[in-house]
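Engineer: Take this sequence and fold it.
(chains A and B)
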Amino acid sequence: AQKVTQAQTEISVVEKEDVTLDCVYETRDTTYYLFWYKQPPSGELVFLIRRNSFDEQNEISGRYSWNFQKSTSSFNFTITASQVVDSAVYFCALSVGGSQGNLIFGKGTKLSVKP
Amino acid sequence: DGGITQSPKYLFRKEGQNVTLSCEQNLNHDAMYWYRQDPGQGLRLIYYSQIVNDFQKGDIAEGYSVSREKKESFPLTVTSAQKNPTAFYLCASSIIRGQLLTGELFFGEGSRLTVL
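Structural biologist: Residues are numbered from 1 along each chain as shown, chains lettered A, B, ... in the order given. You can find the predicted model right below:
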């Protein structure tokens, strides 16, 4: 069975602090994709990143970075120098090969960045 | 601009009534999905469709129905058989590449249904 665990329900930081959102996944498939989505107060989920199981390179995009470690089944997300606009609910998700694109979502982490 | 449009944004329903949520996309995506989101929960898949006139049940399809008569449209009906319909409903679409869907979903802004 596949599962995504986001142990942090809510995180509160002060602007300019760095923050890491944890994601642990479970799957027996060797081919899978991992995702992060952002859900701002407006409601729609915004795609942030996709990583496939054969590519363990970390990725940086501006203030965002992702650390994929197959050894610990983790795909953590770090925001550097957080800003108030980063306040949102962040979801980690898993898609396994042949699943027809059905994403398995974690329960999300609500990030509040205070000025 | 391309995107996904959901309507209505807010909907109130009396118990025992069916209600239909609209989802339209102009992204030319093959696959469309309906998810349900409850407070403090992740998204759970209700139904999905990869092609016109075909759709599959997701994890929580009971009490819901869908149709896919056009590529652009994937309406969801919440029937009176759904025991706890109050929730936030999100529609999404994605491109199909080869045998494996890319999994990159584009979402609408959601419809919030409240049963009175």
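Engineer: Report the contact partners of the spatially closest residue to A:Arg63 that is not a sequence neighbour.
Structural biologist: Among residues not flanking A:Arg63 along the chain, A:Thr80 sits closest, at 4.7 Å (C-beta to C-beta, 6 or more residues apart in numbering or on different chains). Placement of C-beta: from N, CA and C, glycine included. By C-beta atoms under 8 Å, 6 or more residues apart in numbering or on different chains, the contact set of A:Thr80 is A:Asp18, A:Arg63, A:Tyr64, A:Ser65.
Engineer: Sitting in strands, which of these do you find?
Structural biologist: With DSSP state E as the criterion, strands contain A:Tyr64, A:Ser65 from among the contacts of A:Thr80.
Engineer: how about the contacts of A:Thr80, which pair is most distant?
Structural biologist: Largest separation among the contacts of A:Thr80 by C-beta to C-beta: A:Asp18 and A:Tyr64, giving 11.2 Å.
Engineer: where does the residue most central in space within chain B land on pLDDT?
Structural biologist: Against the mean C-alpha coordinate of chain B, by C-alpha atoms, centre = their mean, the closest residue is B:Trp34 at 2.5 Å. What the model reports for B:Trp34 is a pLDDT of 96.
Engineer: Test my guess that it contacts B:Cys23.
Structural biologist: Yes - with contact defined as C-beta atoms under 8 Å, B:Trp34 counts as touching B:Cys23 (7.3 Å).
Engineer: which neighbours do those two share?
Structural biologist: Contact criterion C-beta under 8 Å, 6+ apart; residues shared by B:Trp34 and B:Cys23: B:Phe74, B:Leu76, B:Cys91.
Engineer: Out of these, which is nearest to B:Leu105?
Structural biologist: B:Cys91 (9.8 Å).
Engineer: Could you pull up the residues touching A:Val19?
Structural biologist: By C-beta under 8 Å, 6+ apart, the residues touching A:Val19 are A:Ile11, A:Val13, A:Thr78, A:Ile79, A:Ser82, A:Leu111, A:Val113.
Engineer: Which two among these are spaced furthest apart?
Structural biologist: Pairwise over the contacts of A:Val19, using C-beta to C-beta, the maximum falls at A:Thr78 and A:Val113, 13.7 Å.
Engineer: who's more crowded, the two?
Structural biologist: A:Val113 (20 against 16; other C-beta atoms under 10 Å in any protein chain shown).
Engineer: is it fair to say that one lies in a strand?
Structural biologist: Yes - the assignment for A:Val113 (DSSP: H, G, I helix; E, B strand; the rest coil) places it in a strand.
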